[in-house]
Each structure stands twice: as C-alpha cells, then as structure tokens.
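[1] A structural model of the following input is requested.
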Amino acid sequence: MVIKRGQINPCYIFSTELSMDRESGTLSIDFTIGFAVFMIGFIFVATLVGGLLIGLQSKTIDYDAVAYRTSVILVEDPGEPRIDPYAVNPDPLDLSWEQIGDPVGITRLGLLYSKEHPGVLSGEKVDRFFKPGEFTNTEYQDRLLLSQSGQYPYHFQIRLSGYLNPVGDTNPPELTGYMKRAVLVKEYSMPITLNNPVEYVNVTLPLSDVQSDRGALYGINTRLEPIEIFIDIDPAVLPLDLINVFLTPPDDPSFIYDEKIPVQIGSSATGDSYTFFVNEITDSIKLRFEPDYFSGYSVEDVVLHIQFAPPPPPVDNREVTYTPPPLTPATLEVKIW
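    Below is the predicted model:
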C-alpha cells in the first residue's frame, strides 16, 4: 500500500491504540492493588489505636442519665432472684429477693411487683429496701449497678414518699443527677379502727377470694405477700386487756387451728418485735401473717379471733372481712453524684 505525504499510516494508529489500552489496564491493576494495601493498613492502624483508647474515660459524666438508669432498675425491674407472681405451678423452694435474708444471695434490688404492671411496686420489696440498717451503702451500690468494676463509685440517695428515712448518703450536694418517678405501691395491710369498747374483733380471711386471681394486682398472693391487719384504738377506749388471738374455721369456732398468735403492740414498732401474750393494751395492735403462712390450710376461709376481757357495757363488737387495700400513689426520687 502506497501512503502519500500527509496521510497517517492506519497500522500506526492501531498500534498506538493497542499500546494505550495496555497501559490503561496496567494502571488500573496497579491502582487497585495499591488502594487495597492502603485500606488494609488503615484498618490495622484504626484497630490498634482504638484498642489503645479503650481504657480512657470521659471526665464529663451525665449524672441525670445515671439517675434515670437507677430509677429504671427500681421501677421497671422486679429484681433478681425473682418469682413470677403469675406462675401457675411455681417451685415451692424458689425465693424472691425480698425473702432472702443474706444479701449475698441477692443479685439486683428491683422493686417492681410484676413485669406485667410497670410502675407498680411490691410493698414487701419496698419495706425490705427501705428498712433501716437492712443493707449497707456498698450493698445498695453493688445491687443497683452503681459500683461495677471499672466504673465510677457513684454516691446516691433514694427516697420514697411515705417512708421517713431515705437510703444512701444523708447529705447530698446541691448539684446532683436527679430523677423523679410517679409510682403505685401494692400494699397488704388492712386498717380497723376501734372507737368504742369491744369484747372481740373477728376478721374473716377469705383465702379463696384473695388468691382467686393468683398474683392479681388487687389480690394477695399469700405465697409471696403477707396478710396484715392494723387495729387503731381510740385513746378513750384504752386500756384493753387482750386475752387471746386464734384462728378457726368459719363454721366451727370451737375448732382452733392456731392460738396465741403473735401480735405487735404500738404503731411505731418495727421489725419482728412480737409478743405472744399481753395483758394490757395501751396502743395499737398489728397482726401479720408472713408469706406462705397458710400454705398448709386446706380450707378456703379462716376466721381470726381477737378476744379482749369483757368491758363495761355498751360494747361494739366487730365482724369484718379482710380486703386487700387499694394501690397507694407515691413518688420515687433518685439523686446521683
């Protein structure tokens, strides 16, 4: 083929294009390999630096967040160990944390009655939690996740309206993390007021009714909760001579299940300061049947008889039926610093 002056050889064009394609391919492979090596190195360095910073903590602490977390544990967690009050056939050997005497056996101090009812606190758990001297501050911290390994040892104060003594530190500073929660407390104590002299007070305990909806919010689960009766006596009626306290079936008062049942004298008395027999009553009376007290009873109802020495007439003897008290509104306050 004859190529004239000024014309471009087609073979040269083809050879040039082929050379450029080869160079482009070579550059593309080199770029990919280099970029891959760079990314591998970057990931390695990022991982290494992240590991070096694990032990560092920010000096700024959101105490409000810690107070909120603590309130969630108290108000939305039944604690550990726990027993589901709605369990149909619970293991009789299982215990909820408020029934365990040694704090070593308690993992977490939640106050919730049941996960089915957020914000409703168990009266038994509340009483144990706020009982003076029951736990040390360290035991509270460990079981409220306030002093885990590697975390700050938080100071705290927890208060529930209706309970005079808060738990934790007694003198919090002005600036603290703070959380306030509206709650309901499931109580179990029924009050009875005596305004006139009496010879007896008979209280029917309808075990079948209070347990009909086992673990129900407005009933009493006698395996987990006590039955308590508080008798407030008008000072004008005092003193009264207490003769006996005993349990019978409803249809046969002569058949005694249990007699000389312990009573607690005095509205300010706390703990287990019960006496089996008191001649002269000069204050209020409290009777408490601990959880599982009636487990051996095969009857549906029992009658609690409280007998006094016959006073001069007129007398106002009382026949009442135990009913669980309504839920009590309360306010839980948590301070953290």
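
[2] domain-wise, how is the chain divided?
    Here the domain parsing of the chain from automatic domain parsing is 1-54, 63-187+329-336, 189-322.

[3] low-confidence ranges in this protein?
    In the predicted model, the chain carries pLDDT under 70 at residues 1-27, 49-60, 86-93, 148-152, 164, 209-216, 267-279.

[4] give me the most central residue, it.
    For the chain, the residue nearest the mean C-alpha position is Leu111 (1.5 Å; CA atoms, centre = their mean).

[5] and the gap between that residue and Pro226?
    Distance from Leu111 to Pro226, counting by CB to CB, to the nearest Å: 16 Å. Quick note: C-beta positions are derived from backbone N, CA and C, even for glycine.

[6] ok, now which ones touch Asp292?
    By CB atoms under 8 Å, 6 or more residues apart in numbering, Asp292 lies in contact with 222-223.

[7] and it, how far from Ile229?
    Distance from Asp292 to Ile229, by CB to CB: 18 Å.

[8] try Ser122
    Plainly put, Ser122 is 19 Å away from Ile229 if you go by CB to CB.

[9] more neighbours: those two, which one.
    In this view Ser122 and Ile229 are compared by other CB atoms under 10 Å, and Ser122 has more residues nearby, 27 against 22.

[10] for that one, which non-adjacent residue is closest in space?
    The shortest distance from Ser122 to any non-neighbouring residue, by CB to CB, 6 or more residues apart in numbering, is to Tyr113 (4.2 Å).

[11] Asn165 now?
    Pro132 is the one closest to Asn165 (CB to CB, 6+ apart), at 5.5 Å.

[12] and that neighbour, helix, strand or coil?
    Here Pro132 is recorded as coil under DSSP: H, G, I helix; E, B strand; the rest coil.

[13] might one say that it is in contact with Thr170?
    No - using CB atoms under 8 Å, Pro132 is not in contact with Thr170, being 11.9 Å away.

[14] so the residue nearest to Ser122 versus Phe130, what's the distance?
    16 Å.

[15] which of those two has more neighbours?
    Per other CB under 10 Å, whichever of Tyr113 and Phe130 has more neighbours is Tyr113, with 27 against 19.

[16] and the more buried one, what does it touch?
    With contact taken as CB under 8 Å, 6+ apart, Tyr113 is in contact with 78, 85, 120-122, 125, 186, 217.

[17] how about the residues you listed, which pair is most distant?
    The largest separation in the contacts of Tyr113, counting by CB to CB, is between Lys125 and Leu217 at 14.8 Å.

[18] between these two, who's got more neighbours?
    Neighbours per residue (other CB under 10 Å) separate Lys125 from Leu217, with Lys125 holding more: 25 against 15.

[19] in a strand, that's where the more buried one is, yeah?
    No - looking at Lys125 with three-state DSSP, it is helix, so not inside a strand.

[20] for it, give its distance to Leu327.
    Using CB to CB, one gets 14 Å for the distance from Lys125 to Leu327.

[21] ditto for Pro166
    22 Å.

[22] helices of the stretch 1-150 of the chain, start to end?
    Counting by DSSP state H, counting those that start in this stretch, the stretch 1-150 of the chain has helices at residues 10-52, 63-76, 123-130, 137-143.

[23] contacts for the second one?
    What it means is helix 63-76. Outside of helix 63-76, the residues within contact range by CB under 8 Å, 6+ apart are 108-112, 118-119, 121, 144-146, 154, 156, 158, 176-179, 181, 183, 332, 334-337.

[24] ok so, going back, tell me which of the contacts of Tyr113 is nearest to Lys286?
    Lys286 lies nearest to Lys186 out of the contacts of Tyr113, by CB to CB, at 18.4 Å.

[25] list the contacts for that closest one?
    113, 120-123, 217, 225, 327.

[26] mind doing that once more with 6 Å?
    In this structure, Lys186 makes contact with 113, 120, 122-123, judged by CB atoms under 6 Å, 6 or more residues apart in numbering.

[27] can you redo these as JSON lines with distance to Phe308?
    Listed next are the contacts of Lys186 as JSON lines, based on distance: CB to CB, whole Å:
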{"residue": "Tyr113", "distance to Phe308": "36"}
{"residue": "Val120", "distance to Phe308": "37"}
{"residue": "Ser122", "distance to Phe308": "34"}
{"residue": "Gly123", "distance to Phe308": "29"}
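
[28] farthest pair within those?
    Set against one another by CB to CB, these have their most distant pair in Val120 and Gly123, with a gap of 10.1 Å.

[29] comparing the two, which residue is more hemmed in?
    The residue with more neighbours, out of Val120 and Gly123, is Gly123; 21 against 17, by other CB under 10 Å.

[30] now do that one against Leu238, distance only.
    According to CB to CB, Gly123 stands 28 Å off from Leu238.
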